[in-house]
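# Here is the input, now give the coordinates:
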Amino acid sequence: MGATNRPDLLEQSLLRPGRLDKLIYVGPYTGLREKTSVLQALCRSYKLRPEVNLEDVAKALPVRCTGADLMQVVSTARSAAVRGIVEKLNNGLVKESELNSDSVIIGVSELWDGVESFRPSVTEEELAYYESLQSQM
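The predicted model follows:
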């Protein structure tokens, strides 16, 4: 199994029977349910505040999002949560000895930071190109 964002550059010998037999196009996520599911999977290893509704986050994002786009939102939210802890630590509101891996909790405001800073990883032109490649598979 392999993955590439440039299938047009694959060496043809890799596509012989018994090697990489099938090419599968995985396009951007366009449905609310899809984006919500991916956000849930990406957030699974993080602690979220109870009021977080990932469906609301998915609704606020553009129609087309890649997995990298959704990861960018979650990473930005995680970084914002870490910055919040560091700020509390610097202001003496929390002691370093009180901190552990569960101290970083992603809330609604952190996720909105991720949504507001969202920049698509793939341009419309690139998407059109990838979709044209898909029709050739």
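# Could you break this structure into its assigned domains?
Taking automatic domain parsing as the reference, the chain has its domains at 1-28+124-137, 29-121.
# Please tabulate the ones you listed in JSON lines, including the columns mean neighbour count.
(Glycine included, C-beta is placed from N, CA and C.) Listed next are the domains of the chain as JSON lines, based on neighbours: other C-beta atoms under 10 Å:
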{"stretch": "domain 1-28+124-137", "mean neighbour count": "11"}
{"stretch": "domain 29-121", "mean neighbour count": "15"}
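# Dump those to TSV, plus mean pLDDT.
Below are those laid out as TSV (pLDDT from 0 to 100):
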stretch	mean pLDDT
domain 1-28+124-137	79
domain 29-121	92
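# now the strands for this protein?
In order along the chain, the chain carries the following strands (DSSP state E): 47-48, 105-106.
# Name the nearest residue to the most centrally placed residue in the chain, sequence neighbours excluded.
For the chain, the residue nearest the mean C-alpha position is residue 71 (1.8 Å; C-alpha atoms, centre = their mean). Of all residues not flanking residue 71 in the chain, residue 42 sits nearest, at 5.9 Å (C-beta to C-beta, 6 or more residues apart in numbering).
# Quick check: that neighbour touching residue 68?
No - in this structure residue 42 lies outside contact range of residue 68 using C-beta atoms under 8 Å: 10.7 Å.
# Tell me where the chain has helices.
32-43, 54-60, 67-90, 108-116, 124-136 (DSSP state H).
# of those helices, which approaches residue 5 most closely?
Closest approach to residue 5 among those is made by helix 124-136 (7.5 Å; C-beta to C-beta).
# ok, residues contacting that closest one?
5, 7-8, 25, 27-28, 64, 122 (C-beta atoms under 8 Å, 6 or more residues apart in numbering).
# got it, and stretch 75-86?
46, 94, 99, 103-107, 109-111, 113-114, 117.
# Mind putting those into a markdown table with distance to residue 56?
A markdown table is the format used below for the contacts of stretch 75-86 (distance: C-beta to C-beta, whole Å):
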| residue | distance to residue 56 |
| --- | --- |
| 46 | 17 |
| 94 | 28 |
| 99 | 29 |
| 103 | 25 |
| 104 | 21 |
| 105 | 17 |
| 106 | 14 |
| 107 | 13 |
| 109 | 13 |
| 110 | 13 |
| 111 | 9 |
| 113 | 14 |
| 114 | 12 |
| 117 | 17 |
